[in-house]
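In: task: produce atomic coordinates for the following.
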Amino acid sequence: MPPRHALLPALAAALVLSAPAAHAEDAATAPLPQLEAYTVRESWRQPIEPFRIADRTWYIGTAGLSALLVRTDAGAVLIDGGMPQAADMLLANMARLGVAPTEVKYILHSHAHADHAGPLAAVQRATGATLVSNAESAVLLARGGSDDIHYGDDLLYPPAQAGRIVMDGEAVELGGVRFSVHFTPAHTPGSMSWTWTDRRDGRPLRIAYADSVSAPGYTLLDNPRYPHIVDDYRRGFAAMRALPCDLLITPHPDGSGWAPQDAGNRHPAPMSCAAYADRAERALDEAIAREQRPEGL
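Out: Okay, the predicted model is just below:
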């Protein structure tokens with residue numbers, strides 16, 4: 001996620017409350033302050049040409065945020081969406097691939113942060129698709145990202161309602177394609193990874209869309225809102241290592257060493273799911289050590 005940025009209305013209200021009485025009339029008639037939301041990297045907002053990953057699987061996201069479209073004989077499945085402003089881009093990319101909105105039957109997602117779940121409500125309205133989530137993420141989706149354990153109300157997006165709640169290991173099936181969900185809580189409590197089998201170059205290809213595995217600025221020790229965060233991360237890493245994983249794709253492509261707009265859109269050296277988890281666990285251990293270190297050392 002991007003760095004935390006405080007929103008301005010609360011600050012503006014505090015300034016009005018502290019203003020001298022002589023300025024009360026001016027404050028009452030002045031325009032309300034402009035809203036300023038969080039900003040993100042340009043690559044997260046940079047559209048690229050949709051391209052085929054495997055026979056049924058297409059990349060339709062931006063240069064820095066993944067969104068996948070899987071076409072089956074009974075309709076299509078969208079996995080993740082990117083930033084809130086990406087909804088029209090996603091629908092346009094689907095149209096370029098010959099997929100009408102009504103053909104999208106399911107929307108799957110990784111975790112319920114604004115840079116992946118941001119446009120899901122708009123796409124859901126446009127397509128009528130069923131949004132699939134788990135209990136942990138469905139609550140955050142319904143709140144539009146508010147009261148997030150780590151970010152508070154800093155990273156908001158249009159609320160979305162899940163139409164189906166899945167359990168760990170459950171599968172969503174459409175048109176002969178089976179999407180299995182794996183709970184991998186190594187970024188948020190509700191983080192999910194998805195696996196399915198496609199074909200490429202005439203051979204089966206087990207694709208793992210593995211969720212993010214980072215703790216950007218999180219409190220890892222004695223976290224009052226998330227006392228067992230480190231235990232969950234360890235569990236998430238173990239689940240990640242066990243994924244069927246011929247091809248790893250991650251919500252942030254660069255998180256697994258991939259720039260989708262380069263190398264003819266083919267990952268030049270795909271990282272394994274095990275290597276992805278191992279690297280993240282080393283980073284977690286280093287972050288824990290920093291928190292344990294006496295202040296100033």
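In: my guess is residue 127 meets residue 106, correct?
Out: No. Applying Cβ atoms under 8 Å as the test, residue 127 and residue 106 come out as separate, 9.7 Å apart. Where C-beta positions appear, they are placed from N, C-alpha and C, glycine not excepted.
In: common neighbours of these two, please.
Out: residue 78 (Cβ atoms under 8 Å, 6 or more residues apart in numbering).
In: what's residue 66 sitting at in phi/psi?
Out: Backbone torsions for residue 66, taken as degrees, to the nearest 10, come to phi -80, psi 140.
In: kindly report the same for residue 72.
Out: phi -120, psi 180.
In: what about it, distance to residue 154?
Out: Applying Cβ to Cβ, to the nearest Å, the value for residue 72 to residue 154 is 37 Å.
In: am I right that residue 213 sits in a helix?
Out: No. Counting by DSSP: H, G, I helix; E, B strand; the rest coil, residue 213 is not found in a helix; it is coil.
In: what's the local residue count around it?
Out: 26 (other Cβ atoms under 10 Å).
In: do the one 4 residues further on as well
Out: Neighbourhood size, residue 217 [other Cβ under 10 Å]: 11.
In: can you give me the strands in the stretch 1-150 of the chain?
Out: For the stretch 1-150 of the chain, the strands defined by DSSP state E, counting those that start in this stretch cover 51-52, 57-59, 68-72, 75-79, 104-108, 130-133.
In: what pairs with the first one, parallel or antiparallel?
Out: Using DSSP bridges, the strands paired with strand 51-52 are strand 57-59 (antiparallel).
In: show the average pLDDT along the partner strand.
Out: The pLDDT scores in strand 57-59 average 96.
In: chain center to it: distance?
Out: Its chain's C-alpha centre and that of strand 57-59 lie 17 Å apart, by Cα atoms, centre = their mean, to the nearest Å.
In: for stretch 151-163, same thing?
Out: 12 Å.
In: pull out the buried residues from it.
Out: Using 16 or more other Cβ atoms under 10 Å as the test for burial, stretch 151-163 gives 151, 154, 155, 156, 157, 158, 160, 162.
In: so which of these is the closest to residue 185?
Out: Ranked by distance to residue 185 (Cβ to Cβ), these are led by residue 151 at 16.3 Å.
In: gap between the closest one and residue 108?
Out: 23 Å.
In: check residue 219 too.
Out: Taking Cβ to Cβ, one finds residue 219 at 29 Å from residue 108.
In: and stretch 68-77, what's buried?
Out: Neighbour-count burial for stretch 68-77 [16+ other Cβ under 10 Å]: 68, 69, 70, 71, 72, 75, 76, 77.
In: which of residue 219 and residue 108 has more residues huddled nearby?
Out: More crowded of residue 219 and residue 108, by other Cβ under 10 Å: residue 108, with 25 against 15.
In: do you know how far the more buried one is from residue 292?
Out: From residue 108 to residue 292 the distance is 37 Å (Cβ to Cβ).
In: same question, residue 71
Out: Taking Cβ to Cβ, one finds residue 71 at 49 Å from residue 292.
In: what's the answer for residue 258, then?
Out: From residue 258 to residue 292 the distance is 33 Å (Cβ to Cβ).
In: okay, those two: which has more neighbours?
Out: Shown here are residue 258 and residue 292; by other Cβ under 10 Å, residue 258 has more neighbours (22 against 9).
In: okay, and the more buried one sits in which element?
Out: Assigned by DSSP states H and E, residue 258 belongs to no helix or strand.
In: what's the answer for residue 278, then?
Out: helix 273-292.
In: avg pLDDT for that helix?
Out: Mean predicted confidence for helix 273-292 is 97.
In: and the contacts of stretch 289-297?
Out: 219, 220, 221.
In: switch these over to JSON lines; also include distance to residue 30 and pLDDT.
Out: Formatted as JSON lines, those follow (distance: Cβ to Cβ, whole Å; pLDDT from 0 to 100):
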{"residue": "219", "distance to residue 30": "38", "pLDDT": "97"}
{"residue": "220", "distance to residue 30": "43", "pLDDT": "98"}
{"residue": "221", "distance to residue 30": "45", "pLDDT": "97"}
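In: and which of those residues is nearest residue 39?
Out: Looking across the contacts of stretch 289-297 and measuring by Cβ to Cβ, the closest to residue 39 is residue 219, at 23.8 Å.
In: and that closest one, how far from residue 237?
Out: Distance, residue 219 to residue 237, using Cβ to Cβ: 19 Å.
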